[in-house]
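Undergrad: Pasted the sequence and its predicted model underneath.
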Amino acid sequence: MAHPVLLNNLEHRELRVITRRGAALGDQLMSVPTFPSEFRDVQACYPIVFRKTTDGLGFEPIALFGFEDGENLFLRGERWDAPYIPLLHDRQPFLIGVSGEELMVNVDLEHPRVSRSEGVEVFKPHGGSTEFLEQANSMLLAIHHGLQGTPGLVAALLEHALLESFVLDVELNDGSQNRLVGFYTINEDRLQALSGEAIVKLHQAGHLQAIYLVIASLSNFRMLIDRKNATRHD
């Protein structure tokens with residue numbers, strides 16, 4: 001159970017964060033949410049697809065790491081085998097807190113990365129922020145601003161009926177069948193059929209680039225399948 005509290009250099013002066021990777025540290029997951037301003041980095045490594053939000057009323061973009069719950073095909077023991085880790089996962093155990101209009105840094109004390117005996121120090125001996133904490137602050141700020149771009153993109157996709165559900169059937173080299181369901185992607189035929197006026201509107205709103213980055217990211221499914229095949233020989 002998550003236990004987020006406001007980070008401060010008195011109560012948490014001895015706090016450390018374990019930075020190595022591992023299943024026991026929360027890295028064994030199938031996907032993580034992402035946002036439009038991160039798509040360029042994410043699409044270089046992972047497929048970007050959409051799923052319904054937990055309330056079932058909207059959609060959110062996610063980066064896929066595997067084909068089934070609890071499967072991260074990029075996790076290799078204590079190493080993450082990709083040059084980029086999406087920020088909403090990489091920021092752990094820190095979270096954004098909001099007090100009025102002020103953004104605060106919270107920390108999940110129950111997260112497996114939190115330690116008192118090993119890992120990177122969060123505060124300097126005399127209470128100042130370490131470089132590690134400054135980097136976490138920058139990450140959280142990028143997430144805060146980045147997430148603000150998601151509703152506009154999703155609204156534009158729905159306005160032009162550009163989201164469609166898809167099913168991906170994968171037959172692995174050993175003959176086993178895998179099916180990915182419950183996700184959505186860009187309907188490229190509808191995109192191509194949009195009027196020039198609609199395309200200009202998407203471009204001016206900054207959505208067109210994000211749409212094409214999502215489409216480009218789908219080529220990573222081939223690599224994901226290759227990684228899945230490789231696990232059958234490990």
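TA: Ah, there it is.
Undergrad: these two touch, right, Arg20 and Trp80?
TA: No - Arg20 sits out of contact with Trp80 when judged by Cβ atoms under 8 Å, with a separation of 9.6 Å. Every residue, glycine included, has its C-beta placed from N, CA and C.
Undergrad: out of the two, which sits in the busier spot?
TA: For Arg20 versus Trp80, the count of surrounding residues by other Cβ atoms under 10 Å is larger for Trp80: 19 against 13.
Undergrad: any idea what sits nearest that one, other than its immediate chain neighbours?
TA: In this structure, Trp80 finds its nearest non-sequential neighbour in Arg21, 4.7 Å apart by Cβ to Cβ, 6 or more residues apart in numbering.
Undergrad: pLDDT weak spots in this structure?
TA: Of all residues in the chain, those with pLDDT under 70 make up the ranges 233-234.
Undergrad: what's Val170 sitting at in phi/psi?
TA: Here is the backbone geometry of Val170 (degrees, to the nearest 10): phi -120, psi 120.
Undergrad: wait, what's in contact with the residue nearest to Trp80?
TA: Arg21 is in contact with Asp27, Leu75, Gly77, Glu78, Arg79, Trp80, counting by Cβ atoms under 8 Å, 6 or more residues apart in numbering.
Undergrad: Just the buried ones from the residues you listed?
TA: With burial judged by 16 or more other Cβ atoms under 10 Å, the buried subset of those is Asp27, Leu75, Trp80.
Undergrad: what sits opposite the last one in the beta ladder?
TA: To tie it back to what came earlier, the one meant is Trp80. Under DSSP bridges, the beta-bridge partners of Trp80 are Leu75.
Undergrad: That one contacts Phe74, correct?
TA: Yes - in terms of Cβ under 8 Å, Trp80 counts as a neighbour of Phe74; the distance is 5.6 Å.
Undergrad: So what touches stretch 178-194?
TA: Stretch 178-194 has contacts (Cβ under 8 Å, 6+ apart) with 49-52, 59, 62, 64, 67-68, 157, 160-172, 202, 211, 214-215, 218, 228.
Undergrad: That one spans what distance, first to last residue?
TA: 34 Å (Cα to Cα, to the nearest Å).
Undergrad: got it, and stretch 15-27?
TA: OK, stretch 15-27 end separation, Cα to Cα: 20 Å.
Undergrad: Report the buried residues of it.
TA: Neighbour counts over stretch 15-27 (16+ other Cβ under 10 Å) mark Leu15, Arg16, Val17, Ile18, Arg21, Gly22, Leu25, Asp27 as buried.
Undergrad: In helices only, show me those residues.
TA: Secondary structure from DSSP state H places none of the buried residues of stretch 15-27 in helices.
Undergrad: Would you state the strands of the protein in chain order?
TA: Taking DSSP state E as the test, the strands found in the chain are 4-6, 16-17, 31-33, 48-52, 59-64, 75-76, 79-80, 94-99, 102-108, 114-115, 120-121, 163-171, 177-186.
Undergrad: got the angle for the longest one vs strand 59-64?
TA: Orientation note: strand 177-186 sits at an angle of 140 degrees relative to strand 59-64 (axes from the mean of the first three to the mean of the last three Cα atoms, to 10 degrees).
Undergrad: Next, the angle from strand 177-186 to strand 48-52.
TA: Inter-element angle recorded for strand 177-186 and strand 48-52: 90 degrees (by the same axes, to 10 degrees).
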